[in-house]
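Chemist: my questions concern the predicted model and sequence given below.
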2 protein chains.
Amino acid sequence: MSHLLRQQIEKITPLSDGEFDYILSHFKPKKFKKHQFLIQEGNEVPNDFFVLEGCVKAYHVSNDGKEHILQFGLQDWWICDFNAYFNQAKATLNVDCIEDTEVLCLSLYHREKLCSEMHKIEHFFRRKSNAGYVALQQRILSMLNNNPQERYLQLLELNPILFQKVPKKLIASYLGVSRETLSRFGS
Amino acid sequence: MSHLLRQQIEKITPLSDGEFDYILSHFKPKKFKKHQFLIQEGNEVPNDFFVLEGCVKAYHVSNDGKEHILQFGLQDWWICDFNAYFNQAKATLNVDCIEDTEVLCLSLYHREKLCSEMHKIEHFFRRKSNAGYVALQQRILSMLNNNPQERYLQLLELNPILFQKVPKKLIASYLGVSRETLSRFGS
């Protein structure tokens, strides 16, 4: 499955077989069962995760016990508590598995090592980070600007596969609406 | 004022005088008057802006004519419609001046040229982009998780200088509340 990582990098910069093998040697594969945690609030976050297979969710639990879903992670996506990871702080998010999931783990040490040794990998991660920034900016605009039904339709258009993988109540939590409201959108 | 740019880069990576002069030669200084636009919806976005002095706001105007402020830009901050800039698309945001403003402009061509020529600049921009990503993730969490008064106090704590520079009705727009609601928070 690690060819998915190579494909993603090669969308931005070409790699020789030797280069890819070297990059891959910095990742550690790991398997998780449904409901298992990749990241748990209050713990350290040594790894960023590249999803090879499965589906996870990143969420925050507020004081009243409500889950606020920040992001889903599907095949080919990166997912982490980036604040904790980059700043070596304790996690404020949880990431757990919606189904059995297989990932590649990249520690901050190995990420920075690769970026400093290989200019093209620093370029790859800069481009990914820019794209992630743009996606979050679009999400904030959508939260400020669109009603829940518009946000639902936008999500459906951008990520139709989510609607096959993810229970409706989790989609509702991501959109910040009740399950009842969501069902009125024809889901 | 361009020493501000050097200071910011040197927080991440040291530069020789020659290196900084070379980097700076890729930027174009520009001055704007209060109310002037740096970016206008529907136009192309050739430049990212590093604010040397002044104060700007980035916002979207919804169909009902309401301004939704996405971000402010103060001294030492970068501001742009990054979606339009990176993807060479038309702007969906406006950026205009809350007071007279001086910026350094960096075209996408010059940014990519610098990043490909100087590994340390690619490193700088990756680190900035990561930090920007984390800040937006925190903002989304705060929108999902906190009530308007909590968001107001958070903004006050993170950016006290905003409250000296920016009219209260713009702070209200950024927080997504009415001016009247804001005044109840003791502003």
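Modeler: Here it is on my side, so go on. Numbers count the residues shown, from 1 in each chain, chains lettered A, B, ... in the order given.
Chemist: which residues does stretch A:167-180 contact?
Modeler: For stretch A:167-180, the external contacting residues (C-beta atoms under 8 Å, 6 or more residues apart in numbering or on different chains) are A:57, A:59, A:67-69, A:72, A:98, A:143, A:148, A:151-152, A:155, A:162-163, A:181-183, A:187, B:144. For the C-beta atoms, the positions are set from N, CA and C on the backbone; glycine is no exception.
Chemist: next up, the contacts around the closest residue to A:Ser62 other than its chain neighbours.
Modeler: Leaving out its chain neighbours, the residue that sits closest to A:Ser62 by C-beta to C-beta, 6 or more residues apart in numbering or on different chains is B:Asn145, at 5.1 Å. Going by C-beta under 8 Å, 6+ apart, B:Asn145 touches A:His60, A:Ser62, A:His68.
Chemist: which of the residues you listed are buried? Put it as a PyMOL command.
Modeler: This is how PyMOL selects the buried members of these, with burial counted by 16 or more other C-beta atoms under 10 Å in any protein chain shown:
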select buried, chain A and resi 60+68
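Chemist: filter the contacts of B:Asn145 down to the ones in strands?
Modeler: A:His60, A:His68 (DSSP state E).
Chemist: the helices in chain A, which residues?
Modeler: Secondary structure of chain A (DSSP state H): helices at A:3-10, A:17-24, A:82-87, A:108-117, A:119-145, A:148-158, A:162-165, A:168-175, A:179-183.
Chemist: make a markdown table out of these and add mean pLDDT.
Modeler: Output for the helices of chain A, formatted as a markdown table (pLDDT from 0 to 100):
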| stretch | mean pLDDT |
| --- | --- |
| helix A:3-10 | 97 |
| helix A:17-24 | 98 |
| helix A:82-87 | 95 |
| helix A:108-117 | 98 |
| helix A:119-145 | 92 |
| helix A:148-158 | 86 |
| helix A:162-165 | 88 |
| helix A:168-175 | 88 |
| helix A:179-183 | 85 |
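Chemist: my read is that A:Leu74 contacts A:Leu162, right?
Modeler: Yes: taking contacts as C-beta atoms under 8 Å, A:Leu74 lies within contact range of A:Leu162: 7.0 Å.
Chemist: which of the contacts of stretch A:167-180 count as buried?
Modeler: A:57, A:59, A:68-69, A:72, A:98, A:143, A:148, A:151-152, A:155, A:162, A:182, B:144.
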